[in-house]
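Q: after the sequence you'll find the predicted model.
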Amino acid sequence: MNSLTYKSPKLVIALDTELEKAKKIIDVALKFNFDIFKIGHLLFDVHPEIINYINKNGGKVLLDLKFHDIPTVISKALKAILKKYKIWGFTLHTLGGQDMLKEVKKTIQNTDPKPIIFAVTILTSLAEKDLKVFKFKTNLKNTVLNLAKLAKNAGADGVVCSVKELEIIKKICGKNFLTLVPGININNQNPDQKRTDTIEKAISLGADYIVVGRSIYEEKNFQEKFEYIKKILNYPL
């Protein structure tokens, strides 16, 4: 473990599954005081009403649509969503550029409560060799760090990154710059992810939020899985 001591990160439950199973997961999770749920395209594009279900039952919604377009388009899309739904936070791509990030920050400035902006750096489904295809001049870790610095300077509250980049982001961007960490490996159930690690490692490096999805919604017994995760998150450092 790292010599520094951090509080345990909060769990964000990814609901990339069908509507009825998602509702069952929500109901069980809330009993364990796990109240943040990530909604992506799979549910939002077909069943956006899941947002109301979560809010109605006391949960919070992280809308994971990874916005990426010209500033005015993203601003209009975000305004339309915020007018209709209450969201706790949302994601957008840093590669949309500084102007897009700043426009988004301006768009939500009068929203109450103001949602958290998480800027996606490099997807955890990508590895070093994938970046070579894009001809980036820096390695993956430095690319993620550069994007994190860009996001912070543009007013984002935090970034989406893997455990592999956590330490350098916290060191350079500061402990108050939030980190949302997918690719958490539980029982090796992350076939789509390449930059993965354990919950314990994420805790030791100061993750603020960890995302767990497949290893929950592919389980038959949600209660046992939540008991297991809760035990780990209460792990004394």
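A: That came through fine.

Q: buried ones in the helix or strand bottoming out on mean pLDDT in the chain?
A: Of all helical and strand segments in the chain, the minimum by mean pLDDT, DSSP states H and E falls on helix 128-134, at a mean of 79. For helix 128-134, the neighbour count (16 or more other Cβ atoms under 10 Å) marks residue 131 as buried. Using the backbone N, CA and C atoms, a C-beta is placed for each residue, glycine as well.

Q: ditto for stretch 108-116
A: Going by neighbour count (16+ other Cβ under 10 Å), the buried part of stretch 108-116 is 108, 115, 116.

Q: any chance of those residues in JSON lines, plus secondary structure and pLDDT?
A: Shown next, in JSON lines, are the buried residues of stretch 108-116 (DSSP: H, G, I helix; E, B strand; the rest coil; pLDDT from 0 to 100):
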{"residue": "108", "secondary structure": "coil", "pLDDT": "96"}
{"residue": "115", "secondary structure": "coil", "pLDDT": "97"}
{"residue": "116", "secondary structure": "strand", "pLDDT": "98"}
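
Q: who's in contact with the least confident helix or strand of the chain?
A: 122, 139, 140, 143, 194 (Cβ atoms under 8 Å, 6 or more residues apart in numbering).

Q: distance to residue 64 added to the buried residues of stretch 108-116, as a markdown table?
A: Shown next, in a markdown table, are the buried residues of stretch 108-116 (distance: Cβ to Cβ, whole Å):
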| residue | distance to residue 64 |
| --- | --- |
| 108 | 16 |
| 115 | 12 |
| 116 | 12 |
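
Q: nearest to residue 173, of the residues you listed?
A: Nearest to residue 173 among those is residue 116, at 15.1 Å by Cβ to Cβ.

Q: next, the residue lying closest to that closest one once chain neighbours are set aside: phi, psi?
A: Once flanking residues are discounted, residue 116 sits nearest to residue 89: 3.5 Å by Cβ to Cβ, 6 or more residues apart in numbering. Per-residue torsions, residue 89: phi -160, psi 170 (degrees, to the nearest 10).

Q: residue 89 reaches residue 63, doesn't it?
A: Yes. The criterion here is Cβ atoms under 8 Å, and residue 89 meets it with residue 63 at 7.3 Å.

Q: follow-up on the earlier one: ok, now how distant is the residue nearest to residue 116 from residue 111?
A: According to Cβ to Cβ, to the nearest Å, residue 89 and residue 111 sit 12 Å apart.

Q: and what of residue 26?
A: 24 Å.

Q: dump the residue contacts of residue 155.
A: Neighbouring residues of residue 155 by Cβ under 8 Å, 6+ apart: 101, 102, 105, 117.

Q: try 7 Å this time
A: For residue 155, the contact set (Cβ atoms under 7 Å, 6 or more residues apart in numbering) comprises 101, 102, 105.

Q: please identify which of those is nearest to residue 36.
A: Taking these together and measuring to residue 36 by Cβ to Cβ, the closest member is residue 105, at 21.5 Å.

Q: so what does whichever strand or helix holds the closest one touch, helix or strand wise?
A: Residue 105 is located in helix 98-107, with elements delineated by DSSP states H and E. Helices and strands touching helix 98-107, by 3 or more Cβ pairs under 7 Å, 6 or more residues apart in numbering; DSSP states H and E, are helix 71-84, strand 116-120.
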